[in-house]
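In: turn this into a model:
(one chain, ligands or ions: 1)
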Amino acid sequence: MARTILITGGGTGIGRALAEHFAAHGDRVVITGRRPGPLKEAADALTGVAAAVCDHTDPAALHRLVAELPERLDVLVNNAGGQTDFDADGATDLASYARDFRANLDANLLSAALTTRAVDDRLAAGGAVIHIGSIAADQGSGSYGAAKAGLASWNIDLARTLGPRAITANVVSPGYIAGTEFFRDQLADARREHLIAATATGRPGALDDITGAVAFLASPAARHITGQVLNVNGGAYPTR
Ligand code: NDP
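Out: Now for the predicted structure:
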């Protein structure tokens, strides 16, 4: 039977690759994001993929999204997020610091918690919730790392809550993954080489590395794996 899969932030990068993977394997996929452009492009290009605009930090937007979703969800991938400090204006006063810190918490932690809560009664037995974390959680990377670390901690509690309903909850924690919009063209060659040199594999992560891990955690083979963080970083953990 085809599963129904919600992938947040599915218009670009890892989310889009996940949508392509699941749809190619016969699942029905809904992708979301804030920008209609990338969503439309992805939904037009990928058979079996529908798109809905949603800011996952906004409870009202989530209510609107839920009204559009199918009654049953088998898999939720909380992928939306990213390093919001790239958008910071550099102001150093306390109010600006609070605003910028909260932006990362909202984008990477609150978004996942709100989305999971919003669709909770649609999650089907035998299903899976998978969050995209980050190697930053283990490296002390400012508010972004703190948000991703919080995601892993919160996921332990979620796993306990969903476990009796035969639903798993896990984090896939990538290292540097090439081919996404994450770095907004701000990744200097030297930094990129440093990230690759830190791996045991000597290469950047690829989109397929993440889709493989997420697909496994969503599969029947992984029904007793829950409350875990699966690092997909080429052995780079825990270097900086
Ligand atoms: P992208 O920037 O390509 O993808 C992020 C997606 O999330 C975008 O499509 C964006 O769309 C969406 N998004 C962001 N905020 C929101 C929001 N509030 N509501 C809805 N959608 C949102 O980068 P990646 O594919 O690399 O990032 C995917 C995940 O992987 C992120 O959680 C990131 O932190 C994580 N990650 C990535 C790594 C990498 O090296 N690439 C390493 C470690 C973790 P829109 O702007 O239109 O809303």
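In: show me the contacts for the residue nearest to residue 88 when sequence neighbours are not counted.
Out: Spatial nearest neighbour of residue 88, excluding adjacent residues (CB to CB, 6 or more residues apart in numbering): residue 100 at 4.5 Å. For every residue, glycine as well, the C-beta is placed using N, CA and C. With contact set as CB atoms under 8 Å, 6 or more residues apart in numbering, residue 100 has these partners: 84-85, 88, 143.
In: what residues does this protein put near the ligand?
Out: Within the chain, the positions near the ligand by CB under 6 Å from any ligand atom are 8-9, 11-15, 32-35, 38, 54-57, 79-82, 107, 111, 132, 134, 174, 176-177, 180-182.
In: inside helices: which ones of the residues you listed?
Out: 13-15, 38, 111 (DSSP state H).
In: can you name the two of these that sit furthest apart?
Out: 38 and 111 (17.0 Å; CB to CB).
In: circling back: what's the pLDDT at the residue nearest to residue 88?
Out: Among the per-residue scores, residue 100 shows a pLDDT of 97.
In: and the contacts of residue 100, which is the shakiest by pLDDT?
Out: Minimum confidence in the contacts of residue 100 sits at residue 88, scoring 89.
In: mind listing what it touches?
Out: Residue 88 neighbours (CB under 8 Å, 6+ apart): 96, 100, 103.
In: redo the residues you listed as CSV? Include secondary structure.
Out: Formatted as CSV, the contacts of residue 88 follow (DSSP: H, G, I helix; E, B strand; the rest coil):
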residue, secondary structure
96, helix
100, helix
103, helix
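In: kind regards, and thank you for your time.
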